[in-house]
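Trainee: Fold the stuff below for me.
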Amino acid sequence: MMKKTLTLLVLLFIGFKATAQDKLPTRSVFLELGGAGLPYSFNYDFRFDKERMDSWGMRVGAGGYSTQEDHFFSLPVMVNKLYGKGPHYFEFGFGATFFAYDESNYTYCESGYFDSNGVFICTSSVIQESNYQFILPVDGSPSVMGTINIGYRRIPVDGGFTWRFNLTPIFNNNGFWPLYAGIGFGYAF
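Mentor: I've put the predicted structure just below:
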């Protein structure tokens with residue numbers, strides 16, 4: 001009886017282990033410099049069909065930066081399709097990046113005088129408006145940039161370290177910039 005139970009447990013373990021190894025790494029988390037997140041972004045990517053790597057999927061991320069003068073936040077959302085066999089894939093995708101930034105309009109005084117109490121009185125001021133752009137001019141904050149993704153993605157068959165590089169043309173109502181690019185690395189599971 002003990003021998004049969006032990007044999008059954010070993011067979012179940014081997015079967016479970018074989019099934020676990022057959023699971024495709026259809027999800028990944030990665031850091032991308034450039035690309036759809038604009039300056040950089042942390043992303044989550046997944047396939048809609050968990051049985052096939054060469055299928056449609058989606059990615060969602062968040063990125064940005066903050067300095068004493070500037071604050072910028074981006075949210076890339078894209079659908080993408082992989083073509084090929086593991087570990088090498090051609091990737092094509094499209095989507096939008098929503099972003100917000102500080103609009104730094106400021107006023108400075110061109111001329112003025114000090115009154116009898118020592119308070120400066122401005123007689124002529126100029127408002128300097130922000131003329132923000134990220135490669136292309138934008139009309140204000142928040143805003144949106146259209147993105148296209150064409151590139152290479154390496155995903156190990158059993159998961160693990162993954163990397164990518166891509167050409168990411170960006171566009172909005174003020175123009176089109178075809179030569180923007182990105183490189184990313186992360187973990188596929």
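Trainee: Residue 37: neighbour count?
Mentor: By the criterion of other Cβ atoms under 10 Å, residue 37 has 26 neighbours. Where you see a C-beta, it was placed from the backbone N, CA and C, and this is true even at glycine.
Trainee: can I assume it is in contact with residue 77?
Mentor: No. With contact defined as Cβ atoms under 8 Å, residue 37 does not count as touching residue 77 (10.4 Å).
Trainee: quick one: low-confidence parts of the chain?
Mentor: 1-22, 103-110, 125-132 (pLDDT under 70).
Trainee: Can you show me the helices along this structure?
Mentor: Taking DSSP state H to define them, one finds helices in the chain at 2-22.
Trainee: which non-adjacent residue is nearest the residue nearest the centre of it?
Mentor: The residue lying closest to the centre of the chain (Cα atoms, centre = their mean) is residue 37, at 3.6 Å. In this structure, residue 37 finds its nearest non-sequential neighbour in residue 63, 3.8 Å apart by Cβ to Cβ, 6 or more residues apart in numbering.
Trainee: For the residue nearest to the centre of the chain, give me its contacts.
Mentor: Residue 37 sits next to 43, 61, 62, 63, 74, 76, 97, 182 when contact means Cβ atoms under 8 Å, 6 or more residues apart in numbering.
Trainee: which among the residues you listed gets closest to residue 88?
Mentor: Using Cβ to Cβ, residue 182 comes nearest to residue 88 of the contacts of residue 37, at 18.1 Å.
Trainee: who are the neighbours in contact with the closest one?
Mentor: 32, 33, 34, 35, 36, 37, 149, 151, 164, 165, 166, 168.
Trainee: can you pull the contacts of the residue nearest to residue 165 when sequence neighbours are not counted?
Mentor: Counting by Cβ to Cβ, 6+ apart, residue 183 is the residue found nearest to residue 165 once chain neighbours are left out, at 4.7 Å. Contact analysis of residue 183 by Cβ under 8 Å, 6+ apart lists 32, 33, 34, 35, 163, 164, 165, 166.
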